[in-house]
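Visitor: Sequence unavailable; structure follows:
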């Protein structure tokens, strides 16, 4: 099984860098062709974010 290298865990609270809004990670997914993780947050389930758009509190 491949080890997880994603920066954030499900349920973790993080900031959206652009807005400063505190959000909770709902789901993460590895995007193979882009070689990075995308995240869906509970507060905006219709939008996904990449790791570089989020930061740890």
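Guide: Yes, it's here. Bear in mind that the values here come from a model prediction, so they are computed numbers and not experimental data.
Visitor: Strands of this protein, start to end?
Guide: All strands of the chain, identified by DSSP state E, fall at 13-16, 22-31, 36-41, 44-50, 54-56.
Visitor: Low-confidence ranges, this structure, go.
Guide: 1-4 (pLDDT under 70).
Visitor: Next, name the residue at the spatial heart of it.
Guide: Nearest to the mean C-alpha position of the chain, by C-alpha atoms, centre = their mean, lies residue 39 at 3.2 Å.
Visitor: ok, it touching residue 49?
Guide: Yes - contact status for residue 39 versus residue 49: in contact at 5.0 Å, counting by C-beta atoms under 8 Å. To be clear about C-beta, it is placed using only N, CA and C from the backbone, and glycine gets the same treatment.
Visitor: Deepest in the core, which of the strands of the chain is it.
Guide: Highest mean neighbour count among these (mean count of other C-beta atoms under 10 Å): strand 36-41, with a mean of 18.
Visitor: For it, enumerate the helices and strands it packs against.
Guide: Strand 36-41 is packed against strand 22-31, strand 44-50, with contacts defined by 3 or more C-beta pairs under 8 Å, 6 or more residues apart in numbering; DSSP states H and E.
Visitor: Could you figure out how far it is turned away from strand 44-50?
Guide: Inter-element angle recorded for strand 36-41 and strand 44-50: 160 degrees (by axes from the mean of the first three to the mean of the last three C-alpha atoms, to 10 degrees).
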